[in-house]
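Chemist: Just need the structure, nothing else, for what follows:
(chains A and B)
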Amino acid sequence: MGSKGKGGAVAAGAACVGMPADFRIADVMDMHRQLRDALNLSPVVLDGTTVDRVDTTALQLLVAYQRDAQKRGHQVSWVGVSVPLYDAASQLGLAQTLALPAKPSA
Amino acid sequence: MSTISVAQFHKVFFEESLEGLDAMEAALLALDEGGDAELVHSIFRAAHSIKGGAATFGFPEMAAFTHEAESLLDQVRDGRRSIDKTIVELMLRTVDCLRGMFDRAQAGQPLADADSENLKQQLAAAVGHDVPAATVKAAAKPAASNGWIIQFRPHAGMLAGGNDPLRLLRELAALGQLVVEAQLDRVPTLDALDPTECHLGWRIELTGAVSRDAIAAVFEWVEDECDLSIEPRVAVAPPSAPVVEAVAAPAGAGVTAGVTRNTTSSNDAGSVRVGIDKIDSLIDLVGELVITQAMLDQFREEFDPARLSMLQEGLAHLARHTRTLQESVMGIRMLPIGSVFNRFPRLVRDLSQKLGKQVKLEMVGEHTELDKTVLEKIGDPLVHLVRNAIDHGLEMPEKRRAAGKSDVGTLRLEAFHRGGSIVVEIVDDGAGLNREAIIAKALQKGLIKSGDDISDEAVGDLIFQPGFSTAAVTTDLSGRGVGMDVVRRNVVDLGGNVAIKSRAGMGTTFTITLPLTLAIIDGLSAAVGDECYIVPLVSIVESIQLPADAVRSVTGGGELFRFRGEYLPIVRLHQQFGCANARQNIEDGLVIVVEADGSQVGLYVDELIGQQQAVVKSLEANYRRVEGISGATILADGSVALIIDIAGLIRLQGRRKAA
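Modeler: From the prediction side, this is the model:
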């Protein structure tokens, strides 16, 4: 399970799932485990603010998680996203699907 | 890749696509009569190849058009839609429309026209009934500018292989403006997901003046690891859209976009696709020739009379191999007549439906090979004869029933070898020629003076007279001014002839006899003064020596002689062609009786030299057209001999007599 309570904007009682700085295929198995665990929790906030490097596997994982969470009626929101994460999601046409917050100023 | 290097493949693309269309048409017709699923696959494959080729070779309108047809076929293939007469009809019209597009592409004209746009809309509408709204929206969306639609679906293992779609999309973004639509339908649940596998897909619209090659280059390293299609953006554009305009511009008009296409359209020398087996046999033969040459080469250094037999054997080999090589090379020009026959199932289907007749088409001997030139020119006469047979020959079902025949009329097309010729027969079991109507018409036209005692053969011959048509009602199928006289003339121009045999109530048979090839003829060489002329063997009836008193002079300077009970005119070739030092007395030379178009004349020559095969060289291409001469050939001693055009000579003789 990811670090809980990270970031001040997180709603009280919400579980927070943080993401590694290098969120790419090599580390994706670990995040897969964390997100599967997070599926049992609601509400959940995702923290993508520290992501420096990201690839398609990471975004696909987030898509699968969010879709399954929504199916269960869970609430998922974002603390924030880094510029690299936002750009990658936009490039792959996934920014809306992932309901990303506005792009942070660089 | 430069545009010119793409343009050089256009011809092959056209040829292959037209073959694909033929296959599509044949499969559609088979499907119409209740075929299996494999037929749908083969139609789909043909459409898919054309679409891919059209997009690759810069024919976006054609690609867009075929895309709609392909979508419809895809629904049939997937079982989302069952095949019915409407779809077969729609697809047959698509085949016709694509043929028209290919014609226009070859002529360098704009591909899209009102018909194609209309049909495309119909196809899109047909597809739209059962497809998700997105597709319909895409088809109906007007194309604002040039651009591409890329369907990119990575295989599951692509990510693990180190290739990240993110990188590819970034590279694409550098080419132009992207609208990316992610496809999530295959992403499994989080539990079932192997995060290292890729389950996403993308539909990407790329706007900008980008070549297909530039896009393909982005995907070059992953082409085996993904499903990829790159299509021009569907252009439902007004006729004045930039794409169409660019293509419409004539060569040299300074519109760069139009130039590439126009470079290929003119000076089309034609081409032949040759089976690899024919090429292999040629290579074998050339190998044999090289061996024989090496063998003969030994005699160049030292000639030992004791080895004379070996020399003779070598020369015999050389002669045999040269002859075989000649035959094989001629064989390259030979193509199966099936390529002409292929158009008839469709023609017969459409015509019989239109006329409310029931017709069973039988085709025999499609593999019979004909010279390419003959093949290209025999299509129209055959179409005319087939149309005639259905329109005039075969009766309506009720009339057939009343005559005690089956409701379904039979039309048989048969091709076979006979002697040195190819025979094509068009046989119907219809009503046969209407003898009375033909005689009445001929009397009315003044072609004959009396209708009595006319043989069936002569009656049949009348329909080949110019301007002859007995059709009481001129339909749009036949009787359009292109008469049987044109059919006969076309066939005669090919060195062949047409015969007709008919029995009232039983049917009609048209027999077309054609030479195997136009490039080589069997001829008899004859000396006339210092010159040598070739008389085509097929025209020769007999050669005779005439005594001086056998020839009668007639008023006007003509000469006649009696041959098999008829008086035939004599054509003195030395007078005809102005040859010096020729024999003058009739008893000193020979008369070759020749026949063409049913007329006979005697050609007076000095003597016969011998029979030989003559490779025909065009006189027109190398000098100019000369009446009475069909071409030239080069003799063994290197001199040139002219080949006599018997039909032309007889026409010339007729005009002289009339003058």
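Chemist: In chain A, what residue comes closest to chain B?
Modeler: For chain A, the residue closest to chain B is A:Gly93, as judged by C-beta to the nearest C-beta, at 3.5 Å. To be clear about C-beta, it is placed using only N, CA and C from the backbone, and glycine gets the same treatment.
Chemist: List the contacts of that residue.
Modeler: B:180-182, B:202 (C-beta atoms under 8 Å, 6 or more residues apart in numbering or on different chains).
Chemist: can you rerun that using 6 Å?
Modeler: B:180-182 (C-beta atoms under 6 Å, 6 or more residues apart in numbering or on different chains).
Chemist: For it, which non-adjacent residue is closest in space?
Modeler: For A:Gly93, ignoring the flanking residues on the chain, the nearest one in space by C-beta to C-beta, 6 or more residues apart in numbering or on different chains is B:Val180 at 3.5 Å.
Chemist: Look at that neighbour and tell me its secondary structure.
Modeler: strand (DSSP: H, G, I helix; E, B strand; the rest coil).
Chemist: repeat for B:Ile643
Modeler: strand.
Chemist: and it, how many residues sit next to it?
Modeler: 21 (other C-beta atoms under 10 Å in any protein chain shown).
Chemist: Can you name the residues bridging to it?
Modeler: Under DSSP bridges, the beta-bridge partners of B:Ile643 are B:Ile534, B:Gly631.
Chemist: correct me, but it touches B:Ile634?
Modeler: No. The pair B:Ile643 / B:Ile634 is not scored as a contact, 11.3 Å apart, by C-beta atoms under 6 Å.
Chemist: re earlier: a strand runs through the residue of chain A closest to chain B, doesn't it?
Modeler: No. Counting by three-state DSSP, A:Gly93 is not part of a strand but coil.
Chemist: separation between it and B:Glu181?
Modeler: 6 Å (C-beta to C-beta, to the nearest Å).
Chemist: Alongside chain B, which residues does chain A contribute?
Modeler: A:25, A:28, A:32, A:36, A:55-57, A:60-61, A:63-65, A:68, A:88, A:91-94 (C-beta under 6 Å from any C-beta of the partner chain).
Chemist: switch the cut-off to 7 Å
Modeler: A:25, A:28-29, A:32, A:35-36, A:39, A:55-57, A:60-61, A:63-65, A:68, A:88, A:91-94, A:97 (C-beta under 7 Å from any C-beta of the partner chain).
Chemist: Next, show the common contact partners of A:Gly93 and B:Glu181.
Modeler: B:Trp202 (C-beta atoms under 7 Å, 6 or more residues apart in numbering or on different chains).
Chemist: Tell me which residue is most central in chain A.
Modeler: A:Leu46 (4.2 Å; C-alpha atoms, centre = their mean).
Chemist: Indicate each strand paired with the helix or strand containing A:Val45 and its parallel or antiparallel sense.
Modeler: A:Val45 belongs to strand A:44-48 when assigned by DSSP states H and E. Using DSSP bridges, the strands paired with strand A:44-48 are strand A:15-18 (parallel), strand A:76-81 (parallel).
Chemist: Surely the residue nearest to the centre of chain A is in contact with A:Gly80?
Modeler: No. Distance between A:Leu46 and A:Gly80: 9.1 Å, which falls outside the contact criterion (C-beta atoms under 7 Å).
Chemist: partners of whichever residue of the stretch 1-150 of chain B sits closest to chain A in the sheet?
Modeler: Nearest residue of the stretch 1-150 of chain B to chain A, counting by C-beta to the nearest C-beta: B:Ile150, 12.1 Å away. With DSSP bridges as the criterion, B:Ile150 is bridged to B:Ile204, B:Ile230.
Chemist: Got the confidence number for A:Ala12?
Modeler: If you check A:Ala12, the pLDDT there is 61.
Chemist: Who are the contact partners of B:Ala415?
Modeler: B:337, B:365, B:368, B:422, B:424.
Chemist: hmm, try it at 8 Å
Modeler: Going by C-beta under 8 Å, 6+ apart, B:Ala415 touches B:337, B:341, B:364-366, B:368, B:370, B:422-425.
Chemist: part of a strand, is it?
Modeler: Yes. When three-state DSSP is applied, B:Ala415 is found to be in a strand.
Chemist: Just list whatever residues bridge to it.
Modeler: Here B:Ala415, judged by DSSP bridges, has bridge partners B:Val424.
Chemist: show me what contacts the closest residue to B:Glu425 other than its chain neighbours?
Modeler: In this structure, B:Glu425 finds its nearest non-sequential neighbour in B:Glu414, 4.6 Å apart by C-beta to C-beta, 6+ apart. Contacts for B:Glu414 (C-beta under 8 Å, 6+ apart) come out as B:362-365, B:424-425, B:427.
Chemist: among those residues, which are in strands?
Modeler: B:362-364, B:424-425, B:427 (DSSP state E).
Chemist: Which pair of those spans the longest distance?
Modeler: In those, two members sit farther apart than any others by C-beta to C-beta. They are B:Glu362 and B:Val424, at 13.6 Å.
Chemist: Tell me which of these two has more neighbours.
Modeler: B:Val424 (26 against 10).
Chemist: Check the gap between the more buried one and chain A for me.
Modeler: 60 Å (C-beta to the nearest C-beta, to the nearest Å).
Chemist: In contact with the residue nearest to the centre of chain A, which residues?
Modeler: By C-beta under 8 Å, 6+ apart, the neighbours of A:Leu46 are A:16-17, A:19, A:62, A:76-79.
Chemist: Could you report the neighbour count for B:Gly565?
Modeler: 5.
Chemist: repeat for B:Gly589
Modeler: Neighbours of B:Gly589 (other C-beta under 10 Å): 24.
Chemist: give the contact list for the residue nearest to it when sequence neighbours are not counted.
Modeler: Take B:Gly589 and drop its neighbours on the chain: the residue closest to it by C-beta to C-beta, 6+ apart is B:Arg583, 4.6 Å away. Contacts for B:Arg583 were tallied using C-beta under 8 Å, 6+ apart; they are B:529, B:574, B:589, B:606.
Chemist: Next, work out how far apart B:Arg583 and B:Gly523 are.
Modeler: B:Arg583 is 21 Å from B:Gly523, by C-beta to C-beta.
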